[in-house]
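> I would like to see how this sequence folds:
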Amino acid sequence: MSLRNEPGEPTNPSGKDKAARIAGQFLLLTAAATAVMVFARISANADQPTLLESLREIATNKAMYSASGIARAISGVTLIIGALFLLRTWIIREGYGTRLVPYLLSASGGFTIVSGAYAVVLAADAPSATSSGSVDASTEIMATARWLTGKIGFAIAGLALLAAAQRQWKAGGAIRRLAAASAVVGILMQLIWIDAATIMHRVSGVAFFVWLIVIGMMLFTGRVERHFSRKRETSP
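Numbering: from 1, shown residues only. Alright, predicted model coming up:
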């Protein structure tokens, strides 16, 4: 079998890949930051029927909403770092996994960072924005941008899961058992664009959180590498 290594980066026959373990760590950090973000957002009670009502709650619970935005931005940063390390693993370099997954996760992280930044700015602007009893155009644009970038980031992460599902199925063994779950979660995450599917948004959010933990732990403990090491040893 022909091994495709980058210049100066020999294949490690033992399958022990530091990049995979670091990628796993950052995916776990992404899950942790996401949990903090959700908790802070719920505590801020920002999801109200109208933007003006939401801004009033944000102004009242400014610290918690700011924390949710900061945690969201951090989750985007850790997702990008995790994706970059995933791209450096021999599993990706040698073609066992597709480069599309880390690229999509990086794009998702970028939109998530922007969404988090908009949330922080929105928290700072909320008191003055609600003092007049109406929402000005700039605040409305900012709120829309936060909403849109958040949804785009989440949907792109779902596409990453769909891309991962194909390779997971081909991998066989324990990895194959993740393929169906990755595909289902990835599809559910696309429902983020349907406002009426509120319950499914929560389900897909929890499912993505669990997916991050499972994949992060498998990478961190070396389980993914051991599987592909055996597969490589038996390949012609």
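> packing partners of the helix or strand where residue 104 lies?
Assigned by DSSP states H and E, residue 104 belongs to helix 100-130. Here helix 100-130 touches helix 51-60, helix 62-88, helix 137-171, going by 3 or more Cβ pairs under 8 Å, 6 or more residues apart in numbering; DSSP states H and E. All C-beta spots, glycine's among them, are computed from the backbone N, C-alpha and C.
> so residue 114 makes contact with residue 148?
No - the pair residue 114 / residue 148 is not scored as a contact, 9.6 Å apart, by Cβ atoms under 8 Å.
> still on that earlier bit, report the angle between the helix holding residue 104 and helix 137-171.
With axes from the mean of the first three to the mean of the last three Cα atoms, to 10 degrees applied, the angle from helix 100-130 to helix 137-171 works out at 160 degrees.
> in helix 100-130, what's buried?
100-126, 129-130 (16 or more other Cβ atoms under 10 Å).
> give the contact list for the nearest residue to residue 112 once chain neighbours are set aside.
Counting by Cβ to Cβ, 6 or more residues apart in numbering, residue 112 lies nearest to residue 76, which is 3.3 Å off, once chain neighbours are set aside. By Cβ atoms under 8 Å, 6 or more residues apart in numbering, the residues touching residue 76 are 108, 109, 110, 111, 112, 113, 114, 115, 116, 153.
> again with residue 179
Shown in contact with residue 179 (Cβ under 8 Å, 6+ apart): 165, 166, 168, 169.
> go again with 7 Å.
Shown in contact with residue 179 (Cβ atoms under 7 Å, 6 or more residues apart in numbering): 165, 168, 169.
> please report how far residue 53 lies from residue 29.
Using Cβ to Cβ, to the nearest Å, one obtains 33 Å as the distance from residue 53 to residue 29.
> and these two? which has more neighbours close in?
Counted by other Cβ atoms under 10 Å, residue 53 and residue 29 do not tie: residue 29 has more neighbours, with 19 against 14.
> that one and residue 79: what is the separation?
From residue 29 over to residue 79 the distance is 9 Å, taken as Cβ to Cβ.
> same thing with residue 191?
For residue 191 relative to residue 79 (Cβ to Cβ), the value is 20 Å.
> what of residue 64?
Look at residue 64 and residue 79: by Cβ to Cβ, they are 22 Å apart.
> of these two, who's got more company?
Counting neighbours by other Cβ under 10 Å for residue 64 and for residue 79 shows that residue 79 has the greater number, 30 against 20.
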